[in-house]
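K.L.:
kindly return the folded structure for what I paste below:
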Amino acid sequence: MEPMKPLAPMKPMAKPMSAADSSWWPSGLSQPSSSGAQDGMRYAFSPEQRRLAVEWDGKVELYDTGTHQISGVSQSSTQAAGHARFTDQTGEVDIASLKRVER
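P.N.:
Numbering: from 1, shown residues only. Next up is the predicted model:
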């Protein structure tokens with residue numbers, strides 16, 4: 001049995017990663033304080049602008065969250081496009097209760 005050879009040094013990445021490369025939410029929003037995905041939907045909450053970006057089937061919609069501080073998406077196996085519940089500092093928020101805004 002031969003002794004193990006030392007590992008070769010790691011090579012630099014050909015193209016460095018950046019946060020902008022992975023951003024799917026609309027430009028102009030700050031880095032989200034919470035984001036995630038569930039059941040084919042993903043979301044990102046930007047507290048500075050009080051905006052919630054939600055993507056269903058490749059379409060991104062933007063909502064004004066007002067005083068809601070979105071921290072997650074409620075567990076559900078029946079979320080359909082246009083309907084979801086999120087968690088905030090007081091409990092649950094139905095997306096239908098938020099005002100949709102144009103980008």
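
K.L.:
beyond the least confident helix or strand in the chain by mean pLDDT, next helix or strand please.
P.N.:
Lowest on mean pLDDT, DSSP states H and E among the helices and strands of the chain sits helix 19-22, with a mean of 49. Counting by DSSP states H and E, the element after helix 19-22 in chain order, helix or strand, is strand 34-38.

K.L.:
what's the neighbour count on the closest residue to residue 37 other than its chain neighbours?
P.N.:
Closest residue to residue 37 apart from its sequence neighbours, by CB to CB, 6 or more residues apart in numbering: residue 43 at 7.5 Å. For glycine as for every other residue, the C-beta is placed from the backbone atoms N, C-alpha and C. Counted with other CB atoms under 10 Å, the neighbours of residue 43 add up to 24.

K.L.:
and what of residue 28?
P.N.:
Around residue 28 there are 9 residues (other CB under 10 Å).

K.L.:
same thing with residue 88?
P.N.:
17.

K.L.:
isn't it right next to residue 71, touching?
P.N.:
Yes. Taking CB atoms under 8 Å as the definition, residue 88 is a contact partner of residue 71 at 6.4 Å.

K.L.:
average pLDDT across the helix or strand hosting the residue nearest to residue 37?
P.N.:
Per DSSP H and E: residue 43 is located in strand 41-46. Throughout strand 41-46, pLDDT has a mean value of 94.

K.L.:
starting at the chain centroid, how far to it?
P.N.:
Here strand 41-46 is found 3 Å from its chain centre; the criterion is CA atoms, centre = their mean, to the nearest Å.

K.L.:
can you list contacts of that strand?
P.N.:
Applying CB atoms under 8 Å, 6 or more residues apart in numbering, the contact partners of strand 41-46 are 24-25, 29-37, 51-56, 65, 69-71, 73, 79, 81, 84, 86.

K.L.:
partners of it, with directions?
P.N.:
strand 34-38 (antiparallel), strand 51-56 (antiparallel) (DSSP bridges).
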